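1. Structure of the sequence below:
(one chain, ligands or ions: 1)
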Amino acid sequence: MPEPSATADDPDRTRLGPAPAGPPPPGELADDEFGNALPAGTRLEEFELLSVIGEGGFGIVYLAQDHSLHRRVAIKEYMPSSLAARTQAMTVSVRSRRHAETFEAGLRSFINEARLLASFDHPSLIKVHRFWEGNGTAYMVMPCYVGRTLGEVLKALPGPPDELWLRALLVPLLDALETMHRADTCHRDIAPDNIMILEDGRPVILDLGAARRVIGDMTQALTVILKTGYAPIEQYGDMPGVKQGPWTDLYALASVVHFALTGRTPPQSVTRVVTDKYQPLVRSAAGLCGPAFLEAIDACLAVLPQHRPQSVAELRALLAAPAVGPAPSAAPPAAPVRSPPPPPQPPPPPLRATPPAGSPPAALPRPAAARSSGLWMAAAAVLLVGAAGLAYRLGRPAHAPTPAAEPAPVTTASAPEPQPAPAAPPPPVATAPAAPAASLPGSAASAQADPVTVSPASAPAVARTPERKTPPPSPPAPPRSAGNTPAPARKAPSDESPTLSPPEVSDRSVWSPDGRPPKVIRAQPPAPDYVTQLKCNDLLQKSALGDPVTDAERSFMRRECR
Ligand SMILES: Nc1ncnc2c1ncn2[C@@H]1O[C@H](COP(=O)(O)OP(=O)(O)OP(=O)(O)O)[C@@H](O)[C@H]1O
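-> I've put the predicted structure just below:
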């Protein structure tokens, strides 16, 4: 049996089982490998478990045979291993009575997530066929997707993907997100390891990780709730006037693009509030994609939610700006191509520590190389941000357990079969040999109930824009050329802090974290201390860790941080 693998930086320590391609050899589910997993051959309703696909910190995913519909499926069992274990034959029990409430809240969340996902039918959004409660836990039945995570796919690429590749990836993902947003919901966990690229190239957004968020929130396990490189500031806690919405998912998706292009995520949003070292892609990835595309992605990565596109439709409009270079042909390219480089751009504003003129441009790191240094930085940043998040959260009133949206009396539900994929978008990548899981940044903190709803005003049901003047490439997107575009020079990080203004708030409907209908809140004055508080948290943390604090920072602390 193949060794289960754990990505070095996977905070959830997901252990992957064998590829779900066929029935496992006898005895594949050895107890010592998947201690909590049910053995092969176990019957759950009309399903027979065949093998373990993977085990995260909050669930086990099995390959199973549906004996009723004669097809392979994946079944996810709610199993938060830190709180519960399999005690008797099939029953899952909490390890201790003090965990009961948290376990139960996670279970409700799991069920709510299953119900929510069952209500969608989009080829790029994970489909839940049915779910039920039993054995002290709950199960959700999904199609068994065969492919690799986007993180794995990116890691296997020889260099950064080009604009056509990225557009082919984004088009279906944006459609899928829009489907959720139209239902007043957002995903809030978009990251490369949560997007699967199927064998035909179709990307599928996987689960929402609702149970993980609720349990992490209740146990104050700050480092397992958020994927810090992908989470915008509004996911770090309840802040007056700062709401989650479609712009939250757009930030995460743009971070995915940033990761694909540069091999690293943007600086963590919460640290950007203090000192924004973000280098816009329009400069840092110039030459890899057209400026219009990069500007659209940069716009999604604005620190403050109100500075980002507010909906998928708005982002589409930005992306619709004509791409530079010849329009991609509908026919498969004869050879791997990369988007032609954009015309010369005005030189970027001077940055400190700019390499001397004439020095060779630092090559954009290949994803693999970049990721190893990104991993190191992510580890340090997780510590900092986890602590900053903790400081921030400690400043908040104690937070009652946040059960999922509503009690879920449903014990069994089924969903319609998925429709055939309507004109599935072009595959972004050719299937490549299996690669080890990509190194991805870790997680940190959040504090919201699941799922979040969005008001129609926040996410207007938009008529599909007749956008895409640059048609997405319909052929299988080429893996990439061997670097026929000069790699951009890497800029030294800017030390300049952005001019921070408090969040602007206007009258509008807002996301409601508890599933209630959206309400309109009146415009309020912006929370005056929001930015200051975050900055203070960061500085206090720096000082507590013995990190150097400048005179200016010290005087800021004396003046502002009480
Ligand atoms: N429907 C599916 N088909 C095929 N593989 C799946 C499916 N759902 C999940 N997987 C895979 O199973 C593994 C475990 O999934 P799971 O959602 O438990 O992982 P995770 O997101 O790391 O866990 P958690 O968030 O619970 O810590 C992952 O590798 C995931 O890609």
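
2. The ligand versus residue 161, what's the distance?
-> To the ligand, residue 161 is 21 Å away according to Cβ to the nearest ligand atom, to the nearest Å. C-beta: built from backbone N, CA, C; applies to glycine.

3. Let me see the contact set for whatever residue of the stretch 251-400 of the chain ends up closest to the ligand.
-> Residue nearest to the ligand within the stretch 251-400 of the chain (Cβ to the nearest ligand atom): residue 252, separated by 14.6 Å. Residue 252 sits next to 187-191, 227, 230-232 when contact means Cβ atoms under 8 Å, 6 or more residues apart in numbering.

4. what does residue 309 give?
-> The neighbours of residue 309, taking Cβ under 8 Å, 6+ apart as the test, are 247, 250, 296, 299-300, 315, 317-318.

5. Any stretches of the stretch 201-350 of the chain with poor pLDDT?
-> Along the stretch 201-350 of the chain, segments meeting pLDDT under 70 span 220-225, 322-350.

6. The chain too?
-> 1-34, 220-225, 322-547, 561-562.

7. Show me which residues of it sit near the ligand.
-> Residues of the chain found near the ligand (Cβ under 6 Å from any ligand atom) are 12, 14, 16, 20, 53-54, 56-59, 61, 74, 142-145, 149, 196, 206-207, 209, 212.

8. Using PyMOL, define a selection of the buried residues within those residues.
-> Selection of buried members from these for PyMOL, criterion 16 or more other Cβ atoms under 10 Å:
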select buried, resi 12+14+16+20+53+54+56+57+58+59+61+74+142+143+144+145+149+196+206+207+209+212
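
9. Out of the residues of the chain next to the ligand, which sit inside helices?
-> Of those, the ones assigned to helices by DSSP state H are residue 212.

10. thinking again about what came up before, so which of the contacts of residue 252 belong to strands?
-> Of the contacts of residue 252, the ones assigned to strands by DSSP state E are residue 227.

11. Please dump the contacts of residue 252 into a markdown table; it should also carry distance to residue 88 for every row.
-> Shown next, in a markdown table, are those (distance: Cβ to Cβ, whole Å):
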| residue | distance to residue 88 |
| --- | --- |
| 187 | 36 |
| 188 | 35 |
| 189 | 33 |
| 190 | 38 |
| 191 | 36 |
| 227 | 35 |
| 230 | 39 |
| 231 | 39 |
| 232 | 43 |
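
12. how about the strands of the stretch 1-150 of the chain, start to end?
-> Assigned by DSSP state E, counting those that start in this stretch, the strands in the stretch 1-150 of the chain fall at 15-16, 43-44, 47-55, 59-66, 71-78, 84-86, 92-94, 130-134, 137-143, 147-149.

13. Packing partners of the third one?
-> Contacts of strand 47-55 with other secondary structure elements, assessed using 3 or more Cβ pairs under 8 Å, 6 or more residues apart in numbering; DSSP states H and E, are made with strand 15-16, strand 59-66, strand 71-78.

14. for the ones you listed, which one ends up most surrounded?
-> Stretch with highest mean neighbour count among the helices and strands packed on strand 47-55: strand 59-66 (a mean of 24; mean count of other Cβ atoms under 10 Å).

15. For that one, list the C-alpha coordinates in CSV.
-> Extracted C-alpha coordinates of strand 59-66, given in CSV (Å, rounded to 0.1, in the frame of the first residue of the first chain):
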residue,chain,number,x,y,z
GLY,A,59,-13.1,14.0,9.1
ILE,A,60,-12.2,10.9,7.2
VAL,A,61,-13.0,10.5,3.5
TYR,A,62,-13.6,7.0,2.2
LEU,A,63,-13.9,5.6,-1.2
ALA,A,64,-17.1,3.6,-1.2
GLN,A,65,-19.3,1.6,-3.5
ASP,A,66,-22.9,2.7,-3.8
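
16. Sheet partners, orientation included, of it?
-> strand 47-55 (antiparallel), strand 71-78 (antiparallel) (DSSP bridges).

17. Now the shortest one - C-alpha only, CSV.
-> The C-alpha trace of strand 71-78 is given here as CSV (Å, rounded to 0.1, in the frame of the first residue of the first chain):
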residue,chain,number,x,y,z
ARG,A,71,-21.2,3.8,-8.7
ARG,A,72,-18.2,4.8,-6.8
VAL,A,73,-18.6,7.6,-4.3
ALA,A,74,-16.7,9.4,-1.6
ILE,A,75,-18.1,9.5,1.9
LYS,A,76,-16.9,11.9,4.5
GLU,A,77,-17.4,11.0,8.1
TYR,A,78,-17.3,13.7,10.7
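
18. What lies in contact with that strand?
-> Under the contact criterion Cβ under 8 Å, 6+ apart, strand 71-78 has outside partners 20, 38, 44, 47, 49-50, 53, 58-66, 92, 106-107, 110, 129, 137-145, 207, 211.

19. Report the separation between residue 172 and residue 290.
-> 20 Å (Cβ to Cβ, to the nearest Å).

20. Kindly report the same for residue 217.
-> Distance of residue 217 to residue 290, computed by Cβ to Cβ: 40 Å.
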